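Colleague: coords below, sequence missing:
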Ligand code: ADP
């Protein structure tokens, strides 16, 4: 209820001509009511009838509060009437009227006491306007303003409004908390006194820009009135009065100090990580679950010959030769399904594919990590082409040496034999020729024939002894320095030595190594040399095969012969029919660069160990070489048995 009563200037009115008065009253859009001094309605104009739905006839002659004033306002209405009729003062008055259909209208009255020519109060004139809608609009406006304020108070940020002189006209609850201020204490204060000199100096240009008519954004550190510095993201906007003139500024800001610190920390960490990756000597490649390259550092660019931009977003397969290229998606899938990986967590030597298509020897180790629920893989690769080439050279050199050594040995042996044998042979030949000459001349007495033949037989026996001594020397040599060895270990050593050839030829190795094979008595290096030759031959034999290249190595104990049995089977073309007999002959080769020494030396080494080396063709695949070595049995003197 909104009652207000203000004193206004009092006035004496002379009653005008009755007819004119009635015409004015009836045609006015104003509500016009005339009461007598007891509050009875004397006049109720047309506008009043329209508003209330009551006719003048229903109202005139009865006190105004009988029908039109709601019960709660009756006393106030009577009081006002009383004052008007005794004091004769004009007044403004707000009251409700009831309409004939039970509604209420809010009316604003301006009342005047009409005096008679003697100056005595005679009538009370009220002119009113219907302010029901204005009141509703005002109530709505106030409600809206209240809601807006509540909304602003729930905002996490700081909101304020300043006037043109930077005095605070509004500030939300959060700002008060933030500045540690009492409720409303800062209203009307200069903003400098709220945010401090430091903050004001930093933000002032933004305030000025908003006052000049454009929005201003600030993102950065601001000295904090309560000490230290806070990181603020804020906006200033001009505020306008009803006529559109700038009358101040709105400020909204967020304190993002914590977020900023986190962001900075994250950026630092990322930069640090990236710096490490970028400067790593190893090529570093990060891929996602689909094998798509996410990161490719400068060292990787150098190794593979691709710029990062050219491979990012592509499948990492592009950096691999066949057959790995085709299988790689399966490797990843298997790892994701089972958690088991061949390289992940450990490292190994692999072959990569350079941009120009050439193969690169690499050492690769992979680690996996999770980011945003996705598994990522980081691969560290180092180019080991130089190391591999050096290894290859030294192996070739060793092989060469082995051949040379053998050949030198054979040469020595041959020279020695020739030298040793030349004497008895010369003697045999001389005796035989002399005897022949005499035989042709028919001068051969029987005693001399028998003597000559004895001579020849003696020399031949001596030659035989020489040969025998050489053989026994060789046998002794074979036994000397031999030791008990695990054949499987030797096989694995040799496979490792040949891993490069195996990989670059795209050969798949199948190992069926039986743990119960036991040990064999062997010169480890020599038997490894034999295995080396057999496996190397097999890989070479498959080099031109179109079909799948499979090298199968089997080891087992052969109870019948108490031997360690090793077979090397390939999927190459096999051995041509006519070649079987000559395969182990020195100098037999079908390769343009071949020496034809390998198998012959292998067999002699194996035989010196008391074993056998044989060749056959696998019914379904290529060639199969079988190596049998006597099994080592505890307590048996190997040397004495050989002798
Ligand atoms: P080389 O190394 O000079 O070829 P080897 O004694 O190692 O001498 O081999 C002799 C020959 O035996 C080879 O030239 C080749 O014809 C044949 N040979 C050896 N191993 C195999 C194999 N796994 N498959 C087919 N042929 C083979």
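Modeller: That came in fine, so what should we check first? Everything quoted here is computed from the prediction, not taken from an experiment.
Colleague: And the next helix or strand past the strand or helix carrying residue 301?
Modeller: Using DSSP states H and E, residue 301 falls within helix 298-304. Proceeding N to C from helix 298-304, the next assigned helix or strand is helix 308-311, under DSSP H and E.
Colleague: Show me what that next one is packed against.
Modeller: Using 3 or more CB pairs under 8 Å, 6 or more residues apart in numbering; DSSP states H and E, the elements in contact with helix 308-311 are strand 293-296, helix 298-304. Quick note: C-beta positions are derived from backbone N, CA and C, even for glycine.
Colleague: JSON lines for those, including mean pLDDT and mean neighbour count?
Modeller: Below are the helices and strands packed on helix 308-311 laid out as JSON lines (pLDDT from 0 to 100; neighbours: other CB atoms under 10 Å):
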{"stretch": "strand 293-296", "mean pLDDT": "90", "mean neighbour count": "20"}
{"stretch": "helix 298-304", "mean pLDDT": "91", "mean neighbour count": "19"}
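Colleague: Quick one, which of these gets closest to the ligand.
Modeller: Nearest of the helices and strands packed on helix 308-311 to the ligand, taken as CB to the nearest ligand atom: helix 298-304 at 34.0 Å.
Colleague: residues in contact with the residue of the stretch 51-200 of the chain found nearest the ligand?
Modeller: Residue nearest to the ligand within the stretch 51-200 of the chain: residue 156 (78.4 Å; CB to the nearest ligand atom). Residue 156 is in contact with 174, 254, counting by CB atoms under 8 Å, 6 or more residues apart in numbering.
Colleague: Residue 180 versus that one, what's the distance?
Modeller: Separation of residue 156 from residue 180 (CB to CB, to the nearest Å) stands at 17 Å.
Colleague: same thing with residue 122?
Modeller: For residue 122, the distance to residue 180 - CB to CB - is 66 Å.
Colleague: These two: which is more packed in?
Modeller: residue 122 (17 against 8; other CB atoms under 10 Å).
Colleague: Residue 127: which element?
Modeller: Counting by DSSP H and E, residue 127 is part of strand 121-130.
Colleague: Please tell me I have it right and residue 296 contacts residue 306.
Modeller: Yes. Using CB atoms under 8 Å, residue 296 is in contact with residue 306, at 7.4 Å.
Colleague: tell me the secondary structure for the residue of the stretch 51-200 of the chain closest to the ligand?
Modeller: coil (DSSP: H, G, I helix; E, B strand; the rest coil).
Colleague: Give me every residue in the stretch 401-550 of the chain lying close to the ligand.
Modeller: The stretch 401-550 of the chain comes close to the ligand at residues 533, 537-538, 541, as judged by CB under 6 Å from any ligand atom.
Colleague: okay, now residue 537: neighbour count?
Modeller: By other CB under 10 Å, the burial measure for residue 537, its neighbour count, is 21.
Colleague: hang on, I meant residue 393
Modeller: 10.
Colleague: Secondary structure element holding it?
Modeller: Secondary structure (DSSP H and E) places residue 393 in helix 385-440.
Colleague: Quick check: mean pLDDT of that helix?
Modeller: Mean pLDDT, helix 385-440: 66.
Colleague: Going forward, the N-terminal residue is numbered 8.
Modeller: Let's use 8 as the start, then, which means that last one is helix 392-447.
Colleague: one step back: tell me what the strand holding residue 134 is packed against?
Modeller: strand 38-43, helix 81-94, strand 111-122.
Colleague: could I get the ones you listed as a markdown table with mean pLDDT, mean neighbour count and distance to residue 503?
Modeller: Formatted as a markdown table, those follow (pLDDT from 0 to 100; neighbours: other CB atoms under 10 Å; distance: least, CB to CB, whole Å):
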| stretch | mean pLDDT | mean neighbour count | distance to residue 503 |
| --- | --- | --- | --- |
| strand 38-43 | 93 | 21 | 113 |
| helix 81-94 | 88 | 16 | 111 |
| strand 111-122 | 91 | 19 | 103 |
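Colleague: would a markdown table of those with distance to residue 373 be doable?
Modeller: Formatted as a markdown table, the helices and strands packed on strand 128-137 follow (distance: least, CB to CB, whole Å):
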| stretch | distance to residue 373 |
| --- | --- |
| strand 38-43 | 93 |
| helix 81-94 | 91 |
| strand 111-122 | 82 |
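Colleague: would TSV of these with distance to the ligand be doable?
Modeller: As requested, these are exported to TSV (distance: least, CB to the nearest ligand atom, whole Å):
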stretch	distance to the ligand
strand 38-43	123
helix 81-94	123
strand 111-122	114
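Colleague: that older thread, residues making contact with the helix holding residue 308?
Modeller: Residues contacting helix 305-311 (CB under 8 Å, 6+ apart): 285, 287-292, 313-315, 318, 326, 359-362, 367, 369, 388, 390.
Colleague: if you set the cut-off to 7 Å instead, what comes out?
Modeller: 285, 287-292, 314-315, 326, 359, 361-362, 367, 388, 390 (CB atoms under 7 Å, 6 or more residues apart in numbering).
Colleague: Any buried residues in stretch 617-636, and which?
Modeller: Neighbour-count burial for stretch 617-636 flags 617-620, 622, 624, 628-636 (criterion: 16 or more other CB atoms under 10 Å).
Colleague: Check stretch 254-269 too.
Modeller: Quick answer for stretch 254-269 (16+ other CB under 10 Å): 254-264, 267.
Colleague: Same check on stretch 387-396?
Modeller: 387-391, 395.
Colleague: now swap in stretch 492-503 and tell me
Modeller: 492-495, 497-498, 501-502.
Colleague: Mind checking which of those residues land in helices?
Modeller: 494-495, 497-498, 501-502 (DSSP state H).
Colleague: Among the residues you listed, which one lies nearest to residue 36?
Modeller: residue 502 (113.1 Å; CB to CB).
Colleague: Which pLDDT does the model give that closest one?
Modeller: 86.
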